[in-house]
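Engineer: Sequence and predicted structure, then a few things I'm wondering about:
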Amino acid sequence: MCSNWPWPRLRRVAYQRALSAAGQGTISTEIAMAGAFYYAEDEHQQYLAKHPDGYCGLAGTGVACPLGLGVVATG
């Protein structure tokens with residue numbers, strides 16, 4: 001985690017409170033600043049829409065972060 005930048009820590013605390021209130025467990029992964037983002041090849045875009053019987057092991061918690069994503073547009 002970027003110790004000199006407070007947002008990751010603040011988001012972690014806020015999101016953990018929301019998770020706990022919803023009966024979910026503790027956050028066990030690192031929350032860090034994102035690097036460069038690259039779109040996947042077209043065959044991987046909207047994978048489950050293109051492959052209705054495809055596998056996706058991500059279930060999610062259904063709990064939104066109360067502070068948002070903090071996305072900053074660049075360029």
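Structural biologist: Thanks, I have it.
Engineer: how deep is Leu19 tucked in, by neighbour count?
Structural biologist: The burial metric for Leu19, expressed as a neighbour count using other Cβ atoms under 10 Å, is 16. (Glycine included, C-beta is placed from N, CA and C.)
Engineer: Quick check: it touching Ile27?
Structural biologist: Yes: the pair Leu19 and Ile27 passes the contact test of Cβ atoms under 8 Å, sitting 7.0 Å apart.
Engineer: what sits up against whichever helix in the chain runs longest?
Structural biologist: With DSSP state H applied, the helix covering the greatest number of residues in the chain is identified as helix 6-21. Identification of contacts with helix 6-21 by Cβ atoms under 8 Å, 6 or more residues apart in numbering yields 1-2, 25-27, 31-33, 61, 63-67, 70.
Engineer: Now Leu48: which helix or strand?
Structural biologist: Assigned by DSSP states H and E, Leu48 falls within helix 47-50.
Engineer: and that helix, average pLDDT?
Structural biologist: Per-residue pLDDT values across helix 47-50 average out to 86.
Engineer: buried set for the longest helix of the chain?
Structural biologist: For helix 6-21, the neighbour count (16 or more other Cβ atoms under 10 Å) marks Pro8, Arg11, Arg12, Tyr15, Leu19 as buried.
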